[in-house]
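Visitor: Let me see the structure of the following:
(one chain, ligands or ions: 1)
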Amino acid sequence: MGKIRALVTGGAGFLGSHLCRRLVQEGWEVICMDNLLTGSMDNIADLLGNPLFQFIHYDVTQYVYVPGELHYILHFASPASPKDYLEHPIHTLKVGSLGTHKILGLAKEKKATVLLASTSEVYGDPQVHPQPEDYWGHVNPIGPRGVYDEAKRFMEAMAMAYHRTYGIPIRIARIFNTYGPNMRLNDGRALPNFFCQALKGEPLTVYGDGSQTRSFCYVDDLIEGLWRLLHCDYPYPVNLGNPEEVTILQVAKEIIDLTKSKSKIVFKPLPVNDPKVRRPDISKAKELLNWEPKIPRKEGFKKTLEYFKTQLQHTHAV
Ligand code: UDP
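Guide: As a prediction, this is how the structure comes out:
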(Lines give C-alpha, C1' and ligand atoms only; values in the text may rest on other atoms or scores of the structure.)
Protein backbone atom coordinates (compact mmCIF):
# COMPACT_ATOMS: atom_id res chain seq x y z
CA MET A 1 0.00 0.00 0.00
CA GLY A 2 1.11 3.55 -0.75
CA LYS A 3 1.02 6.41 1.67
CA ILE A 4 -1.91 7.03 3.96
CA ARG A 5 -3.88 9.96 2.60
CA ALA A 6 -6.05 12.20 4.76
CA LEU A 7 -8.31 15.20 4.28
CA VAL A 8 -8.38 17.69 7.16
CA THR A 9 -11.23 20.21 6.99
CA GLY A 10 -10.55 23.39 8.94
CA GLY A 11 -6.89 22.51 8.52
CA ALA A 12 -5.76 26.14 8.78
CA GLY A 13 -7.52 26.63 12.11
CA PHE A 14 -6.13 26.25 15.61
CA LEU A 15 -6.61 22.50 16.10
CA GLY A 16 -6.66 21.66 12.39
CA SER A 17 -3.20 23.13 11.81
CA HIS A 18 -1.66 21.16 14.70
CA LEU A 19 -3.36 18.04 13.38
CA CYS A 20 -2.04 18.58 9.83
CA ARG A 21 1.50 19.01 11.21
CA ARG A 22 1.25 15.82 13.28
CA LEU A 23 -0.06 13.76 10.34
CA VAL A 24 2.71 15.04 8.04
CA GLN A 25 5.27 14.18 10.74
CA GLU A 26 3.81 10.66 10.77
CA GLY A 27 4.48 10.45 7.02
CA TRP A 28 0.86 10.86 5.92
CA GLU A 29 -0.17 12.77 2.81
CA VAL A 30 -2.40 15.60 3.96
CA ILE A 31 -4.97 17.63 2.05
CA CYS A 32 -5.84 20.65 4.12
CA MET A 33 -9.16 22.28 3.25
CA ASP A 34 -10.21 25.61 4.72
CA ASN A 35 -12.34 28.58 3.68
CA LEU A 36 -10.24 30.82 5.97
CA LEU A 37 -13.33 32.27 7.67
CA THR A 38 -11.63 31.91 11.07
CA GLY A 39 -8.50 29.97 10.05
CA SER A 40 -5.26 31.56 8.87
CA MET A 41 -2.52 30.74 6.36
CA ASP A 42 0.01 31.76 9.04
CA ASN A 43 -0.91 28.62 10.97
CA ILE A 44 0.24 26.38 8.11
CA ALA A 45 2.99 28.56 6.60
CA ASP A 46 5.71 26.06 7.62
CA LEU A 47 3.89 23.18 5.89
CA LEU A 48 3.26 24.82 2.52
CA GLY A 49 6.46 23.69 0.79
CA ASN A 50 6.21 20.12 2.11
CA PRO A 51 5.51 17.56 -0.66
CA LEU A 52 3.24 15.66 1.75
CA PHE A 53 1.06 18.73 2.23
CA GLN A 54 -1.50 20.39 -0.01
CA PHE A 55 -3.80 23.33 0.76
CA ILE A 56 -7.18 23.81 -0.88
CA HIS A 57 -9.10 27.03 -0.29
CA TYR A 58 -12.65 25.71 -0.19
CA ASP A 59 -15.90 25.79 1.75
CA VAL A 60 -16.80 22.29 2.88
CA THR A 61 -20.53 23.07 2.91
CA GLN A 62 -20.34 22.89 -0.91
CA TYR A 63 -20.05 19.61 -2.83
CA VAL A 64 -16.58 18.25 -2.03
CA TYR A 65 -14.58 16.53 -4.75
CA VAL A 66 -11.21 15.00 -3.95
CA PRO A 67 -9.51 12.97 -6.70
CA GLY A 68 -7.70 9.75 -5.78
CA GLU A 69 -7.65 7.59 -2.69
CA LEU A 70 -8.61 8.91 0.72
CA HIS A 71 -8.20 6.83 3.86
CA TYR A 72 -9.17 9.31 6.56
CA ILE A 73 -11.27 12.46 6.79
CA LEU A 74 -10.85 14.65 9.86
CA HIS A 75 -13.69 17.14 10.06
CA PHE A 76 -12.42 20.12 12.05
CA ALA A 77 -14.00 22.98 10.11
CA SER A 78 -16.17 25.29 12.22
CA PRO A 79 -16.04 28.62 13.97
CA ALA A 80 -15.27 27.42 17.51
CA SER A 81 -15.10 30.35 19.90
CA PRO A 82 -18.31 31.88 21.29
CA LYS A 83 -17.39 35.24 19.70
CA ASP A 84 -16.82 33.59 16.30
CA TYR A 85 -19.99 31.56 16.23
CA LEU A 86 -22.06 34.52 17.39
CA GLU A 87 -20.61 36.50 14.47
CA HIS A 88 -21.19 33.64 12.01
CA PRO A 89 -24.31 31.86 13.31
CA ILE A 90 -25.60 30.59 9.96
CA HIS A 91 -22.24 29.41 8.74
CA THR A 92 -21.67 27.63 12.05
CA LEU A 93 -24.94 25.76 11.60
CA LYS A 94 -24.15 25.00 7.96
CA VAL A 95 -20.66 23.62 8.49
CA GLY A 96 -21.84 21.31 11.28
CA SER A 97 -24.85 20.09 9.29
CA LEU A 98 -24.33 20.49 5.52
CA GLY A 99 -20.53 20.22 5.87
CA THR A 100 -20.82 17.01 7.86
CA HIS A 101 -23.23 15.61 5.28
CA LYS A 102 -20.71 16.28 2.48
CA ILE A 103 -17.91 14.72 4.50
CA LEU A 104 -19.90 11.58 5.22
CA GLY A 105 -20.91 11.25 1.57
CA LEU A 106 -17.27 11.56 0.57
CA ALA A 107 -16.29 8.97 3.19
CA LYS A 108 -18.88 6.54 1.81
CA GLU A 109 -17.51 7.02 -1.69
CA LYS A 110 -13.86 6.64 -0.64
CA LYS A 111 -14.40 4.04 2.10
CA ALA A 112 -12.63 6.40 4.45
CA THR A 113 -12.66 6.58 8.25
CA VAL A 114 -14.09 9.82 9.63
CA LEU A 115 -12.91 11.62 12.77
CA LEU A 116 -15.29 14.33 13.90
CA ALA A 117 -14.37 17.27 16.09
CA SER A 118 -17.30 17.38 18.48
CA THR A 119 -17.29 19.41 21.66
CA SER A 120 -18.06 19.64 25.35
CA GLU A 121 -20.71 22.15 24.23
CA VAL A 122 -22.98 19.17 23.44
CA TYR A 123 -23.42 19.02 27.26
CA GLY A 124 -24.54 22.68 27.33
CA ASP A 125 -24.78 24.19 30.83
CA PRO A 126 -24.39 20.78 32.46
CA GLN A 127 -26.45 19.44 35.35
CA VAL A 128 -24.13 16.46 35.78
CA HIS A 129 -20.58 17.15 36.90
CA PRO A 130 -18.01 16.12 35.71
CA GLN A 131 -19.48 15.20 32.34
CA PRO A 132 -19.33 11.55 31.20
CA GLU A 133 -20.08 10.61 27.59
CA ASP A 134 -23.46 9.07 28.50
CA TYR A 135 -24.79 12.42 29.80
CA TRP A 136 -27.23 13.80 27.21
CA GLY A 137 -26.69 17.43 28.03
CA HIS A 138 -28.63 20.58 28.87
CA VAL A 139 -28.67 22.80 25.80
CA ASN A 140 -30.90 25.75 24.92
CA PRO A 141 -31.50 25.18 21.18
CA ILE A 142 -32.62 28.75 20.52
CA GLY A 143 -30.09 30.58 22.71
CA PRO A 144 -27.10 32.37 21.14
CA ARG A 145 -24.83 29.34 21.72
CA GLY A 146 -27.43 26.99 20.22
CA VAL A 147 -26.01 27.52 16.72
CA TYR A 148 -22.79 25.78 17.72
CA ASP A 149 -24.15 23.30 20.25
CA GLU A 150 -26.96 22.05 18.04
CA ALA A 151 -24.79 21.93 14.91
CA LYS A 152 -22.36 19.66 16.75
CA ARG A 153 -25.18 17.54 18.18
CA PHE A 154 -26.62 17.19 14.68
CA MET A 155 -23.14 16.27 13.43
CA GLU A 156 -22.93 13.41 15.92
CA ALA A 157 -26.46 12.22 15.01
CA MET A 158 -25.69 12.32 11.28
CA ALA A 159 -22.41 10.44 11.73
CA MET A 160 -24.10 7.72 13.81
CA ALA A 161 -26.80 7.37 11.12
CA TYR A 162 -24.17 6.93 8.38
CA HIS A 163 -22.31 4.48 10.59
CA ARG A 164 -25.43 2.43 11.31
CA THR A 165 -26.79 2.59 7.76
CA TYR A 166 -23.63 2.21 5.66
CA GLY A 167 -21.09 0.91 8.19
CA ILE A 168 -18.84 3.96 7.76
CA PRO A 169 -16.12 3.86 10.41
CA ILE A 170 -16.47 6.96 12.58
CA ARG A 171 -14.65 8.41 15.58
CA ILE A 172 -16.22 11.19 17.66
CA ALA A 173 -13.96 13.33 19.84
CA ARG A 174 -15.80 15.54 22.34
CA ILE A 175 -13.15 18.19 22.77
CA PHE A 176 -13.07 20.31 25.94
CA ASN A 177 -11.39 23.74 26.22
CA THR A 178 -7.99 23.53 24.56
CA TYR A 179 -5.29 26.19 24.30
CA GLY A 180 -1.83 26.80 22.89
CA PRO A 181 -0.01 28.32 19.92
CA ASN A 182 -2.10 29.15 16.81
CA MET A 183 -5.09 30.37 18.83
CA ARG A 184 -6.23 33.61 17.26
CA LEU A 185 -5.37 36.62 19.40
CA ASN A 186 -8.80 38.13 18.87
CA ASP A 187 -10.96 34.99 18.97
CA GLY A 188 -12.58 36.35 22.11
CA ARG A 189 -11.90 33.33 24.30
CA ALA A 190 -10.80 33.71 27.88
CA LEU A 191 -7.15 32.73 27.40
CA PRO A 192 -6.26 34.85 24.32
CA ASN A 193 -8.12 37.78 25.87
CA PHE A 194 -6.35 37.46 29.22
CA PHE A 195 -2.87 36.94 27.72
CA CYS A 196 -3.21 39.89 25.34
CA GLN A 197 -4.74 42.15 27.99
CA ALA A 198 -2.02 41.26 30.52
CA LEU A 199 0.77 41.80 27.97
CA LYS A 200 -0.63 45.17 26.93
CA GLY A 201 -1.19 46.28 30.55
CA GLU A 202 -4.95 46.51 29.96
CA PRO A 203 -7.52 45.29 32.50
CA LEU A 204 -8.41 41.59 32.30
CA THR A 205 -12.13 41.24 31.51
CA VAL A 206 -13.63 38.54 33.73
CA TYR A 207 -17.26 37.83 32.83
CA GLY A 208 -19.73 37.40 35.70
CA ASP A 209 -18.06 37.01 39.09
CA GLY A 210 -15.47 34.62 37.64
CA SER A 211 -16.68 31.68 39.71
CA GLN A 212 -17.62 29.69 36.60
CA THR A 213 -15.17 26.85 35.92
CA ARG A 214 -13.41 25.39 32.89
CA SER A 215 -10.73 22.72 32.47
CA PHE A 216 -7.96 23.71 30.07
CA CYS A 217 -5.98 21.20 28.01
CA TYR A 218 -2.69 22.02 26.28
CA VAL A 219 -2.92 21.43 22.53
CA ASP A 220 -0.10 18.83 22.31
CA ASP A 221 -1.92 16.61 24.79
CA LEU A 222 -5.12 16.93 22.81
CA ILE A 223 -3.46 16.08 19.49
CA GLU A 224 -1.97 12.92 21.03
CA GLY A 225 -5.46 11.95 22.21
CA LEU A 226 -6.89 12.52 18.72
CA TRP A 227 -4.09 10.48 17.14
CA ARG A 228 -4.85 7.56 19.45
CA LEU A 229 -8.60 7.84 18.88
CA LEU A 230 -8.04 7.70 15.14
CA HIS A 231 -6.43 4.29 15.60
CA CYS A 232 -9.03 2.89 17.96
CA ASP A 233 -12.00 1.05 16.50
CA TYR A 234 -14.69 2.78 18.60
CA PRO A 235 -17.59 4.66 16.96
CA TYR A 236 -19.07 6.35 20.03
CA PRO A 237 -18.12 9.71 21.54
CA VAL A 238 -14.97 9.99 23.63
CA ASN A 239 -14.24 13.00 25.86
CA LEU A 240 -10.80 14.52 25.34
CA GLY A 241 -9.68 17.26 27.70
CA ASN A 242 -7.83 18.01 30.88
CA PRO A 243 -9.83 17.16 34.02
CA GLU A 244 -8.06 19.80 36.14
CA GLU A 245 -10.83 22.29 36.82
CA VAL A 246 -10.25 25.94 37.68
CA THR A 247 -12.36 29.08 38.10
CA ILE A 248 -12.01 31.79 35.45
CA LEU A 249 -11.05 34.30 38.15
CA GLN A 250 -8.19 32.02 39.23
CA VAL A 251 -7.02 31.75 35.60
CA ALA A 252 -7.00 35.54 35.27
CA LYS A 253 -4.87 35.81 38.43
CA GLU A 254 -2.45 33.12 37.23
CA ILE A 255 -1.95 34.96 33.93
CA ILE A 256 -1.31 38.27 35.69
CA ASP A 257 1.31 36.52 37.86
CA LEU A 258 2.93 34.70 34.97
CA THR A 259 3.22 37.80 32.79
CA LYS A 260 4.28 39.94 35.79
CA SER A 261 1.68 42.40 34.53
CA LYS A 262 0.38 45.42 36.40
CA SER A 263 -3.07 44.87 34.89
CA LYS A 264 -6.12 44.84 37.16
CA ILE A 265 -9.20 42.65 36.82
CA VAL A 266 -12.53 44.17 35.75
CA PHE A 267 -15.85 42.35 35.87
CA LYS A 268 -18.17 42.37 32.84
CA PRO A 269 -21.64 40.85 32.31
CA LEU A 270 -21.78 37.08 31.91
CA PRO A 271 -22.74 36.04 28.36
CA VAL A 272 -26.17 34.39 27.90
CA ASN A 273 -26.22 30.62 28.65
CA ASP A 274 -22.55 30.64 29.68
CA PRO A 275 -21.96 27.19 31.27
CA LYS A 276 -21.34 27.47 35.03
CA VAL A 277 -19.08 24.45 35.24
CA ARG A 278 -17.20 22.24 32.80
CA ARG A 279 -14.91 19.32 33.44
CA PRO A 280 -14.47 16.15 31.42
CA ASP A 281 -14.81 12.68 32.87
CA ILE A 282 -11.96 11.07 30.91
CA SER A 283 -12.32 7.49 32.22
CA LYS A 284 -13.25 6.29 28.74
CA ALA A 285 -10.21 7.87 27.06
CA LYS A 286 -7.96 6.41 29.78
CA GLU A 287 -9.36 2.94 29.33
CA LEU A 288 -9.70 2.89 25.52
CA LEU A 289 -6.69 4.97 24.48
CA ASN A 290 -4.45 4.73 27.54
CA TRP A 291 -4.42 8.52 27.31
CA GLU A 292 -4.46 11.36 29.78
CA PRO A 293 -3.03 14.89 29.60
CA LYS A 294 0.57 15.21 30.72
CA ILE A 295 1.25 18.95 30.49
CA PRO A 296 0.34 20.89 33.64
CA ARG A 297 -1.37 24.26 33.24
CA LYS A 298 1.65 26.15 34.49
CA GLU A 299 3.88 24.66 31.79
CA GLY A 300 1.26 25.01 29.06
CA PHE A 301 0.61 28.64 30.01
CA LYS A 302 4.34 29.40 29.75
CA LYS A 303 4.56 27.97 26.23
CA THR A 304 1.40 29.82 25.23
CA LEU A 305 2.71 33.08 26.66
CA GLU A 306 5.75 32.86 24.37
CA TYR A 307 3.43 32.47 21.37
CA PHE A 308 1.24 35.43 22.27
CA LYS A 309 4.29 37.60 22.98
CA THR A 310 5.70 36.90 19.52
CA GLN A 311 2.34 37.45 17.85
CA LEU A 312 1.84 40.78 19.58
CA GLN A 313 5.34 41.90 18.58
CA HIS A 314 4.51 41.03 14.95
CA THR A 315 1.36 43.12 15.05
CA HIS A 316 3.30 45.98 16.71
CA ALA A 317 0.61 46.05 19.33
CA VAL A 318 2.98 46.33 22.29
N1 UDP B 1 -14.54 34.75 29.74
C2 UDP B 1 -14.15 35.82 30.56
N3 UDP B 1 -13.48 36.86 29.99
C4 UDP B 1 -13.17 36.91 28.67
C5 UDP B 1 -13.55 35.83 27.84
C6 UDP B 1 -14.23 34.77 28.40
O7 UDP B 1 -14.40 35.81 31.78
O8 UDP B 1 -12.56 37.93 28.24
C9 UDP B 1 -15.24 33.62 30.36
C10 UDP B 1 -16.50 33.14 29.62
O11 UDP B 1 -17.64 33.86 30.02
C12 UDP B 1 -16.54 31.69 30.06
C13 UDP B 1 -15.08 31.29 30.23
O14 UDP B 1 -14.37 32.53 30.37
O15 UDP B 1 -17.19 31.55 31.32
C16 UDP B 1 -14.50 30.53 29.04
O17 UDP B 1 -14.87 31.23 27.89
P18 UDP B 1 -14.31 30.90 26.45
O19 UDP B 1 -14.84 31.97 25.54
O20 UDP B 1 -12.86 30.71 26.52
O21 UDP B 1 -14.94 29.52 26.01
P22 UDP B 1 -16.19 28.62 26.47
O23 UDP B 1 -15.61 27.66 27.43
O24 UDP B 1 -17.25 29.48 27.13
O25 UDP B 1 -16.66 28.02 25.22
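Visitor: Up against the ligand, what does this protein have?
Guide: Neighbours of the ligand within the chain, by Cβ under 6 Å from any ligand atom: 81-82, 177, 189-190, 193, 205-207, 212, 214, 248, 270-271, 274. Placement of C-beta: from N, CA and C, glycine included.
Visitor: So I56 lies in a strand, does it not?
Guide: Yes: residue state for I56 (DSSP: H, G, I helix; E, B strand; the rest coil) corresponds to a strand.
Visitor: Can you spell out which residues form a bridge with the nearest residue to it once chain neighbours are set aside?
Guide: In this structure, I56 finds its nearest non-sequential neighbour in M33, 4.8 Å apart by Cβ to Cβ, 6 or more residues apart in numbering. For M33, the beta-bridge partners are T9, I56 (DSSP bridges).
Visitor: Going along the chain, name the helices of this structure.
Guide: When secondary structure is read from DSSP state H, the chain shows helices at 14-25, 82-87, 89-94, 100-110, 146-166, 190-200, 219-230, 248-259, 283-289, 297-314.
Visitor: possible to save the ones you listed as TSV with mean neighbour count and mean pLDDT?
Guide: Converted to TSV, the helices of the chain look like this (neighbours: other Cβ atoms under 10 Å; pLDDT from 0 to 100):
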stretch	mean neighbour count	mean pLDDT
helix 14-25	23	98
helix 82-87	19	96
helix 89-94	19	98
helix 100-110	20	98
helix 146-166	19	98
helix 190-200	22	98
helix 219-230	20	98
helix 248-259	18	98
helix 283-289	17	98
helix 297-314	16	96
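Visitor: circling back: put the buried members of the residues of the chain next to the ligand into a PyMOL selection.
Guide: Buried members of the residues of the chain next to the ligand, defined by 16 or more other Cβ atoms under 10 Å, are picked up in PyMOL with:
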select buried, resi 81+82+177+189+190+193+206+212+214+248+270
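Visitor: Perfect, that will be all.
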